[in-house]
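**Student:** Kindly generate the corresponding structure for this input.
(one chain, ligands or ions: 1)
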Amino acid sequence: MRRSAAEAGGLVWRTAPALTVLYGLTTLVEAVAPVTVAWLTKSILDRLVGDEPIAALAAALAATGVVVALVPQLGRFLSNDLGRRVSLGASKRLFTATDRFVGLAPFENPSFLDRLRLAQQGVSAAGNLVTGVFGLGRGAVSLIGFLAALTVISPVVTVVVAVAAIPSLWAEFGLSRNRAGVMWQIAPHQRREFFYGQLLSTVEAAKEIRLFNLGSFLLGRMLGERGTADAAERRMDRKDLLTRAGLEVLGALVTGGALVWALLAARRNQLTIGDVSMFIIAVAAVRSALGGLIRDAAGTHQRLLMFGHFTEIVHSAPDLTVATEPVALQGLRGSIELRDVWFRYSDDHPWILRGVDLTIPHGAAVALVGLNGAGKSTVVKLLCRLYDPTRGTILWDGTDLRDVDPVRLRERIGAVFQDHMAYDFTAADNIAVGDLTALDDLDRISAAAVRAGAHDKLTALPGGYGTMLTRMFAAGQGMDGPDTGVMLSGGQWQRVALARAFLRDACDLMILDEPSSGLDPEAEHDVHERMLKHRADRTSLLISHRLNAVREADRIAVLDEGVITELGGHDELIEAGGVYARLFKMQANGYTS
Ligand SMILES: Nc1ncnc2c1ncn2[C@@H]1O[C@H](COP(=O)(O)OP(=O)(O)OP(=O)(O)O)[C@@H](O)[C@H]1O
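**Tutor:** Model prediction:
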């Protein structure tokens, strides 16, 4: 909590120091103005009764009235602007922090995902946090002023009014803690509700939802999650209502009692008319300032608890250890070696790799084959250091991957993942994301597309490489406008993903994980021909279930039950008559019989 407060304070100050000072000043003026008005009113009334001159005081009262009218407007403008800036700064900090995670594990952890979502809420409410804190300051100054005024008239009543606020303070903090707890508790339900909502509204899922008639089933689940979250919120609101109603009754009784006392005292000539006016204003103002102060304090407390998720994320320990003085990674000369690599996704998951030994020599094309779930893509993720081996090491020319900067490592790798991304960008940008230095270099982009067999299709699009490969952003147009965007087929997307990897042609290691599953036979043949030609003497790792596509590889490794069980050239493995030979013959027979 203290850490969150320091974090929030630091963020506000770093983001907009001048604006913060200015807003602080207007807040101070706003806080002092009502007390000034009350004192001026009291003094004028007392002078009126005593027949003394009041012109100067009346002018001061009028001027203060103008300030009271104008300053809140300025304050609102400043507070909105400060809120926007702080929220922007917090957003930048949050996403810089999430981008700092080297690997994938945090993004597969549901509790991290809940925290991230709440942190995002905390970021968008950061403006309210600022307003709340300044509101607290304003309330406190105003309260002190009115308490002082009230003390002059009756110290006893002052103490009674102040003490009556203690239960409110205590209860509001309890309520805000409860609210933050409920938000955390319902976060998984909200995440699932969001997930079902996404499913019901995205084009990717629409096909199966219609085919399998899943609409009402998914809607039911979405509403179920929403119902659970709403029920928890309703329970919380009911508790809020009961507690606050009780406190309001207590407050009203105290105020009423104080007023009766003041009127009786005036009747006994113990208070002047000015005193009574001051007393009425001050009691009401103290109550309202105390109430506002308590609400602001509780709101700020709750927002700080929510902001705690932001603080947790921006200060979380790195998911993978990054060497403080990383070894400079040179271009591959010798080999990449997996040495007795064991891996499981977490302690409660089964072992996926159980001592893999595999060498990928420089300049060789190595193929990794195996049944579904054998762990081939897992090996790819370890090579890109999206995870670290649980045991064993991966060496790049003898250097442990843990000792190098992951960014430098990844610069040397080109990869097409099995589940590659289809970005809602233009065709050119969809390829350029493979190497951002090519963002404005259409020649490089089209050369990569030619190699991936995507060039002809992309140039034939309505806007060529500038065509959006999505219809998501075609707002306000008919479906046939020039900027509407197009949808590609699965195989065409695969070619775009290949082009993305080919953009890094000069990289030391090219990894293709199932690059041709969606390609037609002609395209597949074409891609492999080009791949072999362009990557001759360069290092590649190929993964494919179409064994015909990898038969030309220099080495074929079979991954089975977490270990490499066969290794050799195509002919060698066929000769050996093991798993590879069996799978290859099965596929070949499927075509010939
Ligand atoms: N993020 C993850 N968390 C937990 N388990 C995972 C994760 N990713 C994969 N697995 C498990 O690891 C095993 C190996 O998966 P992997 O994707 O590496 O297999 P594969 O050989 O590439 O399979 P395929 O041929 O079907 O693509 C599978 O049993 C899978 O369930």
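
**Student:** Could you give the number of residues near residue 438?
**Tutor:** 20 (other C-beta atoms under 10 Å). Every C-beta, even on glycine, is put in place using the N, C-alpha and C of the backbone.

**Student:** Confirm for me that it is in contact with residue 503.
**Tutor:** Yes: counting by C-beta atoms under 8 Å, residue 438 touches residue 503, with 5.6 Å between them.

**Student:** list the residues that contact both of the two?
**Tutor:** Any residue near both residue 438 and residue 503 by C-beta atoms under 8 Å, 6 or more residues apart in numbering counts here, and that gives 431-432, 444-445, 448.

**Student:** element containing the residue in the stretch 401-550 of the chain that the ligand sits nearest to?
**Tutor:** Checking the stretch 401-550 of the chain residue by residue against the ligand with C-beta to the nearest ligand atom singles out residue 418 as nearest, at 5.6 Å. No secondary structure element spans residue 418, as it lies outside all helices and strands (assigned by DSSP states H and E).

**Student:** Now do residue 566 against residue 540, distance only.
**Tutor:** 19 Å (C-beta to C-beta, to the nearest Å).

**Student:** Neighbour count for those two, which is higher?
**Tutor:** The residue with the greater number of neighbours, taking residue 566 and residue 540 and applying other C-beta under 10 Å, is residue 540; the counts read 23 against 18.

**Student:** Get me the contact residues on this protein for the ligand.
**Tutor:** 108, 345, 349, 352, 370, 372-378, 418 (C-beta under 6 Å from any ligand atom).

**Student:** Please repeat the previous calculation with a cut-off of 5 Å.
**Tutor:** Residues of the chain lying close to the ligand by C-beta under 5 Å from any ligand atom are 345, 352, 372-378.

**Student:** Which of the residues you listed has the largest number of neighbours?
**Tutor:** Greatest neighbour count in the residues of the chain next to the ligand, by other C-beta under 10 Å, goes to residue 375: 24 neighbours.

**Student:** Hmm, that residue is touching residue 352, no?
**Tutor:** Yes: assessed by C-beta under 8 Å, residue 375 is found in contact with residue 352 at 4.5 Å.

**Student:** coming back round to it: export the residues of the chain next to the ligand to CSV and tack on pLDDT and secondary structure?
**Tutor:** Rendered in CSV, the data for the residues of the chain next to the ligand read as follows (pLDDT from 0 to 100; DSSP: H, G, I helix; E, B strand; the rest coil):
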residue, pLDDT, secondary structure
345, 93, coil
352, 96, coil
372, 90, coil
373, 90, coil
374, 92, coil
375, 94, coil
376, 94, helix
377, 93, helix
378, 95, helix
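
**Student:** Reformat the shared contacts of residue 438 and residue 503 into CSV and put distance to residue 43, secondary structure and neighbour count next to each item.
**Tutor:** Formatted as CSV, the entries for those read as follows, by distance: C-beta to C-beta, whole Å; DSSP: H, G, I helix; E, B strand; the rest coil; neighbours: other C-beta atoms under 10 Å:
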residue, distance to residue 43, secondary structure, neighbour count
431, 77, helix, 32
432, 73, helix, 24
444, 80, helix, 19
445, 78, helix, 26
448, 82, helix, 25
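
**Student:** circling back to that earlier point, what number of residues lie near the residue of the stretch 401-550 of the chain closest to the ligand?
**Tutor:** The number of residues packed around residue 418, counting by other C-beta under 10 Å, is 13.

**Student:** Now do the shared contacts for residue 375 and residue 352.
**Tutor:** Common neighbours of residue 375 and residue 352, using C-beta under 8 Å, 6+ apart, are 343, 562.

**Student:** hey, where'd the helices end up in the stretch 351-500 of the chain?
**Tutor:** For the stretch 351-500 of the chain, helices defined by DSSP state H, counting those that start in this stretch occupy the ranges 376-383, 406-411, 427-432, 442-452, 455-459, 490-502.

**Student:** Might one say that residue 357 is in contact with residue 338?
**Tutor:** Yes: with contact defined as C-beta under 8 Å, residue 357 reaches residue 338; the gap is 6.4 Å.

**Student:** of those two, who's got more company?
**Tutor:** Regarding residue 357 and residue 338, a neighbour count based on other C-beta under 10 Å identifies residue 338 as having more, with 23 against 14.

**Student:** That one belongs to a helix?
**Tutor:** No: judged by DSSP: H, G, I helix; E, B strand; the rest coil, residue 338 forms no part of a helix; its state is strand.

**Student:** Can you check which helix is longest in the protein?
**Tutor:** Longest helix in the chain by number of residues, with DSSP state H as the criterion: helix 215-267.

**Student:** Can you tell me which helices and strands that one packs against?
**Tutor:** Judged by 3 or more C-beta pairs under 8 Å, 6 or more residues apart in numbering; DSSP states H and E, helix 215-267 is in contact with helix 155-164, helix 166-201, helix 273-314.

**Student:** can you give me the angle the lowest-mean-pLDDT helix or strand in the chain makes with helix 490-502?
**Tutor:** Ranked by mean pLDDT, DSSP states H and E, the helix or strand of the chain with the weakest confidence is helix 521-534, at a mean of 72. Computed by axes from the mean of the first three to the mean of the last three C-alpha atoms, to 10 degrees, the angle separating helix 521-534 from helix 490-502 equals 10 degrees.

**Student:** okay, now the domains of the protein?
**Tutor:** Here the domain parsing of the chain from automatic domain parsing is 2-314, 332-412+508-593, 420-506.

**Student:** Can you add distance to residue 320 and give those back as a markdown table?
**Tutor:** As requested, those are arranged in a markdown table below (distance: least, C-beta to C-beta, whole Å):
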| stretch | distance to residue 320 |
| --- | --- |
| domain 2-314 | 4 |
| domain 332-412+508-593 | 5 |
| domain 420-506 | 22 |
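
**Student:** residues making contact with stretch 70-86?
**Tutor:** Applying C-beta under 8 Å, 6+ apart, the contact partners of stretch 70-86 are 11-12, 15-16, 19-20, 22-23, 26-27, 29-30, 33, 126-131, 134.

**Student:** State the number of residues packed around residue 256.
**Tutor:** Residue 256 is surrounded by 11 other residues when neighbours are defined as other C-beta under 10 Å.

**Student:** Per-residue pLDDT of it, please?
**Tutor:** Model confidence at residue 256, given as pLDDT, is 84.

**Student:** how much space between the closest residue to residue 454 other than its chain neighbours and residue 229?
**Tutor:** The shortest distance from residue 454 to any residue other than its chain neighbours is 3.8 Å, reached at residue 495 (C-beta to C-beta, 6 or more residues apart in numbering). Here the distance between residue 495 and residue 229 works out to 43 Å (C-beta to C-beta).

**Student:** same thing with residue 80?
**Tutor:** Residue 80 sits 30 Å away from residue 229, going by C-beta to C-beta.

**Student:** Comparing the two, which residue is more hemmed in?
**Tutor:** Here residue 80 and residue 229 are compared on neighbour count by other C-beta under 10 Å; more neighbours surround residue 229, at 20 against 12.

**Student:** list the contacts for that one?
**Tutor:** Contacts of residue 229 were listed using C-beta under 8 Å, 6+ apart, and they are 186, 189-190, 193.

**Student:** now do residue 528
**Tutor:** Residues in contact with residue 528, defined by C-beta under 8 Å, 6+ apart, are 516, 549, 552.

**Student:** low pLDDT regions in the stretch 51-200 of the chain?
**Tutor:** Across the stretch 51-200 of the chain, not a single residue meets the criterion (pLDDT under 70).

**Student:** if we can go back for a sec, which members of the residues of the chain next to the ligand are the farthest-apart pair?
**Tutor:** Farthest pair in the residues of the chain next to the ligand (C-beta to C-beta) is 345 and 372. Separation: 16.5 Å.
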